[in-house]
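**Q** model the following, please.
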Amino acid sequence: MSHLVPKLGAVASRPTIPTLSHTGQVLSRAVTFQFALDPNAQQRILLAKCAGARRFTVNHHLARVKANLDARSAEREVLSTSGESGEPSTPSLSWSGFSFINEFNAWKNGESEDSLVSEDGIRGLTWRHDLPGDVFECASVDAARALENFSASRRGKRSGTPVGFPRFQAKGKMTPSFRLRNRATSGTAPSCQPIRFSDPAHLRLPKFGPVKVFGPTRKVRRMIDAGRFHIYSATLTQRAGRWIVSLTGVAAELHQTERSRTNRHAVPVGVDRGIISLCVAADANGVLTQSFEGVTTLKQALGTLKAANQALARTTPGSKSRQRARARLAKTHRKVANTRRHLVHQASKALVDRCQVLVIEDLNVAGMVRNRHLARSISDAAMGELSRQLLYKAKWHGVEVRIADRFFPSSKTCSGCGEVRSDLDLSTRTYSCQACGLVLDRDLNAAINLARWQPREPSPVKPLDPTRAALLSTA
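**A** Alright, predicted model coming up:
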């Protein structure tokens, strides 16, 4: 969840009012539950229409913005060529989500001058009432966010890899997806909410009615009935021929017994992530607490993937056999991803259940993947996914997570005497110290060093007073 930071010298805004359920529970923990759907024939057609409407809405906004930017750029060139000064006569468009929603609603309802006109003389989109209105509004918000990232990256105010102008979404090249909001105020009873479980096997969605759900829903339904979970939105995505629904919302904090376990490891535990082993956890005394085998789901499925790719290459483009071959290939990839995610969930849950303080490394996974010799193994090892799960699960269970410096030589440092080796390559799996004669597993040695890592001392310089900083910035 994002936090608003007041500007320098500005008055801090009032704290956000927490979400309250119909039973008075305070909900502050961001949670998402995923279920596979089994829609009927009519619901499948409606799902495909909603995904197409989202693509249509996003492309509509991108086309308007691109045309406006091109027109203003051409006018600037004319002004610069003629030697005149001033701003382009074409006004700039607002890229906010509210302006996008208002503009598209007026356009699709036939209230704009450039609205579509059918052969019968009807203005606007004739099929707009067949779909939930949230599809268009949420798509407008997504387009505004993409343009905001593009603008921030162009101005150098966005961290990470620079991003360009958002791409237009084409059918067959984008993952079919759309989002529906649960339009229910805080404290509304579950039976009165638009998105709710009508029975243990069906999820009711606006315009769709009850949609059959795979898997057990008892835990989520109990949390909703007890007022410990409130649904904000439902995101429906089609992956490998199967529709998945993600119920995103806020939940109550875990029980006190879950947040303060008495049988947890008292001293800090270092977690070394690797390829041979998914992770190795040990404390500063050299006690091995956890060790999980490396994730090799992709390596094991390479033969099946090769055969599926070869079968796909032999089919005729546009034929039904090609569609079936693509479905078989996507099913194999889905199985690999689900198996990898399950193994990582098991490892992260075990670590937060048995440790009080975890120390992990700030690995540059994106840079490591650029190595063509290790890209497949590193991607299969799910290093980034493990750290992501550890961070949010540790916050849920009250576990402290310390992130060691990226350049901390955890693998090259001897855990016995502190000697640092400079000739340690990735193929060496056993660490042997020439100074003290210690011989130890490489991953275990790195985990011990991570457990002993301490953050640097804070700077002795006191931070500048916000009021004084504001005066200096305006001077």
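**Q** so which residues of the chain form helices?
**A** In order along the chain, the chain carries the following helices (DSSP state H): 41-82, 97-108, 133-154, 218-225, 256-259, 297-300, 302-313, 320-354, 365-369, 375-381, 383-397, 442-451, 466-474.
**Q** make TSV from those helices and add mean pLDDT, mean neighbour count and distance to residue 163 to it.
**A** The C-beta positions use only the backbone N, C-alpha and C, and glycine is treated the same way. As requested, the helices of the chain are exported to TSV (pLDDT from 0 to 100; neighbours: other C-beta atoms under 10 Å; distance: least, C-beta to C-beta, whole Å):
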stretch	mean pLDDT	mean neighbour count	distance to residue 163
helix 41-82	94	16	14
helix 97-108	95	18	18
helix 133-154	94	19	5
helix 218-225	94	16	35
helix 256-259	82	10	38
helix 297-300	87	15	27
helix 302-313	93	13	30
helix 320-354	91	16	24
helix 365-369	83	14	14
helix 375-381	84	18	21
helix 383-397	91	18	19
helix 442-451	90	26	33
helix 466-474	40	11	29
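**Q** distance to residue 116 for these - can I get that in CSV?
**A** Shown next, in CSV, are the helices of the chain (distance: least, C-beta to C-beta, whole Å):
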stretch, distance to residue 116
helix 41-82, 11
helix 97-108, 8
helix 133-154, 14
helix 218-225, 41
helix 256-259, 55
helix 297-300, 47
helix 302-313, 38
helix 320-354, 32
helix 365-369, 43
helix 375-381, 45
helix 383-397, 43
helix 442-451, 61
helix 466-474, 49
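**Q** excluding its backbone neighbours, what's nearest residue 431?
**A** Distances taken as C-beta to C-beta, 6 or more residues apart in numbering put residue 445 closest to residue 431, at 4.4 Å, once the chain neighbours are dropped.
**Q** got it, and residue 48?
**A** Per C-beta to C-beta, 6+ apart, closest to residue 48 is residue 176, 6.9 Å.
**Q** is that neighbour in contact with residue 51, as I believe?
**A** Yes - between residue 176 and residue 51 there is a contact under C-beta atoms under 8 Å: 3.6 Å.
**Q** residue nearest the centroid of the chain?
**A** residue 388 (9.6 Å; C-alpha atoms, centre = their mean).
**Q** residue 224 versus that one, what's the distance?
**A** Note on residue 388: its distance to residue 224, by C-beta to C-beta, to the nearest Å, is 26 Å.
**Q** likewise for residue 168?
**A** 38 Å.
**Q** and residue 201, by the same measure?
**A** 15 Å.
**Q** same check on residue 354?
**A** 30 Å.
**Q** what of residue 391?
**A** Residue 391 is 26 Å from residue 224, by C-beta to C-beta.
**Q** ok, now residue 269?
**A** Distance from residue 269 to residue 224, by C-beta to C-beta: 35 Å.
**Q** again, but for residue 439
**A** Residue 439 is 55 Å from residue 224, by C-beta to C-beta.
**Q** do the same with residue 177
**A** Residue 177 is 24 Å from residue 224, by C-beta to C-beta.
**Q** what does residue 67 give?
**A** Taking C-beta to C-beta, one finds residue 67 at 45 Å from residue 224.
**Q** repeat that for residue 348.
**A** 25 Å.
**Q** next one: phi and psi at residue 284?
**A** phi -70, psi -20 (degrees, to the nearest 10).
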